[in-house]
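1. What follows is a protein structure lacking sequence information:
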């Protein structure tokens, strides 16, 4: 059975009730699951507590050397282990790791014409064979998006890591969990969208605001070779509903 990749953002990963519900929803999936998680809010909070002002350009975090240490502490440590604990409590055989471990996800420095991105990276390759072996053993991988570079680690967008992983294992779909059940048109969730339909809805102002980066993430996943990308919330994950993006 083809696996499912689920990307869960860090916004609710400090909520014990949400984590318990998420773990139960993962346990009840019919297909094997690979989880990729974020943790941006907790990274920013720790940065500020250390006197480091979070910096972004075009919505992407600029990761200097000290911030990289914070990213590794939060993503590979605090958030990853918290999520693994909840999955274990739900009866899953979960294993936490990052893209660095076993060279799972390799990355290169992100280039920007106007800004040195420091240790912010982009995915160059994924060892999907490692993940498939884990799934065959009944293990649920829980992956922090800190990836392996040449002589260093890189902080990589978790959405893009999820898409690259989904392509590498020929996943049936990559699911991006958010706070809405899908893309709404006239107050109803749209079941399916193609890239052209999506761009038209953006141009017409039907898709706007915070939903734009969400759908752009789904389209990016299709471009990396994923057959289906889904935007939904936790209830949609349970019921198998949401907006499916497909070519």
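-> Arrived safely. Everything numeric here is computed off the predicted structure, so don't read it as measured data.
2. can we go C-alpha only for contacts and neighbour counts from here?
-> Fine.
3. and residue 126, bridged to which residues?
-> residue 105 (DSSP bridges).
4. what about it, how many residues close to it?
-> Using other C-alpha atoms under 10 Å, residue 126 has 22 other residues around it.
5. so it makes contact with residue 162?
-> No. With contact defined as C-alpha atoms under 8 Å, residue 126 does not reach residue 162; the gap is 10.4 Å.
6. among the helices and strands of this protein, which one scores worst on average pLDDT?
-> Every helix and strand of the chain was ranked by mean pLDDT, DSSP states H and E. The lowest is strand 184-185, at a mean of 89.
7. Adjacent strands (with direction) for that one?
-> Short version: by DSSP bridges, strand 184-185 pairs with strand 188-189 (antiparallel).
8. and the helix or strand following the strand it pairs with, what does it pack onto?
-> As assigned by DSSP states H and E, the chain's next helix or strand after strand 188-189 is strand 192-193. Here strand 192-193 touches strand 243-246, going by 3 or more C-alpha pairs under 8 Å, 6 or more residues apart in numbering; DSSP states H and E.
9. Please work out which residues outside the strand it packs on touch it.
-> Under the contact criterion C-alpha atoms under 8 Å, 6 or more residues apart in numbering, strand 243-246 has outside partners 181-183, 189-195, 218-219, 222, 227-232.
10. Show me the domain layout of the chain.
-> For the chain, automatic domain parsing gives the domain ranges 4-177, 179-226+238-247.
11. Go through those and pick out the most buried.
-> domain 4-177 (a mean of 19; mean count of other C-alpha atoms under 10 Å).
12. And the average pLDDT for it is what?
-> Taken as a whole, domain 4-177 has a mean pLDDT of 97.
13. Quick one: end-to-end length of that domain, please.
-> Start-to-end span of domain 4-177 (C-alpha to C-alpha, to the nearest Å) is 13 Å.
14. Please apply the same query to stretch 41-58.
-> End-to-end for stretch 41-58, by C-alpha to C-alpha: 17 Å.
15. same thing with stretch 99-111?
-> OK, stretch 99-111 end separation, C-alpha to C-alpha: 20 Å.
16. next one: that stretch to chain centre, how far?
-> The chain centre lies 15 Å from the centre of stretch 99-111; the measure is C-alpha atoms, centre = their mean, to the nearest Å.
17. ok, residues contacting that stretch?
-> 98, 117-128, 130, 143-150, 153-154, 156, 161.
18. So which of those residues sit within helices?
-> Residues of the contacts of stretch 99-111 located in helices (DSSP state H): 128, 130, 161.
19. so who does the second one touch?
-> Listed by C-alpha under 8 Å, 6+ apart, the contact set of residue 130 reads residue 104.
20. State the distance from it to residue 109.
-> Taken as C-alpha to C-alpha, the span from residue 130 to residue 109 is 24 Å.
21. again with residue 209
-> 29 Å.
22. and if you look at residue 171?
-> 26 Å.
23. same check, this time on residue 200
-> Taken as C-alpha to C-alpha, the span from residue 200 to residue 109 is 32 Å.
24. before we move on, back to that, contacting residues around the least confident helix or strand of the chain?
-> Residues from elsewhere that reach strand 184-185, judged by C-alpha under 8 Å, 6+ apart: 190, 206, 207.
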